[in-house]
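>>> This is the structure alone, sequence omitted:
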């Protein structure tokens, strides 16, 4: 039982490492997540604001992981251009873009009052 759990964690960390090394957009999102986390502790954000920011950060990162996974599956299915696969990839990118826009709006709603108070 312990070996299975350890194997599961090892696989998860390997997948995370693969993503960090090869997925440029995920690296960008991690960088932004670090900035938001720093801002979350720099400004006097409430516990609820912190929870909303953390949920938002993890949601965007998870969706980007799903997007990367689907893209790799589609690349495995065929290396040739297929309009249906392009559409699937575009739809996945749209999901991540929408989540990122939502995260930006949430970030603005939370941080702009703190930023404007310091100006």
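Received it, and whenever you're ready, just let me know what you need. No experiment lies behind these values; they were computed from the predicted model shown.
>>> Pull out the buried residues from stretch 14-24.
The neighbour-count check on stretch 14-24 (16 or more other Cβ atoms under 10 Å) flags 19, 23 as buried. Just so you know, the C-beta spots here come from the backbone N, C-alpha and C atoms, and that holds for glycine as well.
>>> Please compute how far that stretch lies from its chain's middle.
12 Å (Cα atoms, centre = their mean, to the nearest Å).
>>> so where's the protein shaky on pLDDT?
Scanning the chain for pLDDT under 70 picks out nothing.
>>> Residue for residue, what is the longest helix it has?
Using DSSP state H, we find that the single longest helix of the chain is helix 83-118.
>>> packing partners for it?
Judged by 3 or more Cβ pairs under 8 Å, 6 or more residues apart in numbering; DSSP states H and E, the packing partners of helix 83-118 are helix 24-42, helix 47-77.
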